[in-house]
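Visitor: predicted coordinates and the sequence they were generated for:
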Amino acid sequence: MNNLETSADGLALYAAEQRRREWLQASIEVTRSLLSVGGEEPLHAVARAANSIAGADITLVLLPTPAGDELMIEVAHGENTEDLVGVVVDAQHSISGEVIRTGQPVLAADVAERPNGVEQVRRSGPMVMVGPVMVVPLFGEQGARGALLIARTCGGEPFDHEDLELATSFANHAAVALELADARESQQRMILLEDRHRIAADLHDHVLQRLFAAGMTMQAMTASVGAPHADRLEELITDTDETIAQIRAVIHDLNDLRSF
């Protein structure tokens, strides 16, 4: 009996260590994906990895709407979850809203037992029947920027506290990678913006000025030449004026932050 118990304990420890390695590897892969050029869209990478490693049926990423009183499902991973994207839930009466407000993860063996119930998300067909669930915060500089909801359908095996601990650690690593990815995107936007301003300045200081000078020269020449050369010069002057107007419009667009 003792040998059996020892063997069972050893198998349990091995399984737990294996789960930790899988979550750690997922964290590394997600970080690599988020920081690579042309990698998978950040939130999709996080949801996909969490859903796979947790053995979940449904994984959602929920973010606050601008008004702040609702959450929107930005990413839904799992079978037949595509139509969940864009669905909004009440931030005050949902587990995800609670997690974002408090910054604390939530574990439930059956979501129906929670006082605030399950996120009431409906598809074109029946309601998504969720049973075991764990919801962890995705932190940013100003606190929780969203929530990662990992669930199994009704009747599925409940998550345990170790699952919650590992999922929380994964979400923390993912949140750091998301912040770095956002910073890189902002840096790239600034580089592109600086390029736009430089191109606009070059067009104004060089191309536009030379075209304007050429137009003035042709206009002065029309008084000293006769037809049909004068008529042709007038056509060229008109074309030059139109080109100058088009370049000015391009310069305006390049300098307009709203078009970026």
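Guide: Looks like it arrived, so ask away. Numbering: from 1, shown residues only.

Visitor: how close does N80 get to A151?
Guide: For N80, the distance to A151 (CB to CB, to the nearest Å) stands at 14 Å. From N, CA and C alone the C-beta is placed, and that goes for glycine too.

Visitor: so between these two, which is more surrounded?
Guide: A direct count of neighbours by other CB atoms under 10 Å for N80 and A151 places A151 higher, at 28 against 11.

Visitor: that one contacts V111, correct?
Guide: Yes. Between A151 and V111 there is a contact at 7.2 Å, judged by CB atoms under 8 Å.

Visitor: list residues touching both of these two?
Guide: Residues touching both A151 and V111 by CB atoms under 8 Å, 6 or more residues apart in numbering: V130, G131, P132, V133.

Visitor: show me which of those residues is closest to M190.
Guide: Top of the list for closeness to M190, among those and by CB to CB, is V133 at 39.9 Å.

Visitor: show me where the chain has its helices.
Guide: Here the chain has its helices, by DSSP state H, at 2-35, 42-53, 95-102, 161-202, 209-221, 229-255.

Visitor: quick one: which of the ones you listed is nearest D69?
Guide: helix 95-102 (9.1 Å).

Visitor: tell me how far the residue of the chain positioned farthest from its centre lies from L233.
Guide: Relative to the centre of the chain, and counting by CA atoms, centre = their mean, the farthest-placed residue is G226 at 65.2 Å. Look at G226 and L233: by CB to CB, they are 11 Å apart.

Visitor: A56 too?
Guide: According to CB to CB, A56 and L233 sit 75 Å apart.

Visitor: what's the answer for S169, then?
Guide: Distance of S169 to L233, computed by CB to CB: 75 Å.

Visitor: more crowded one of the two?
Guide: A count of neighbours by other CB under 10 Å puts L233 above the other of S169 and L233, at 18 against 15.
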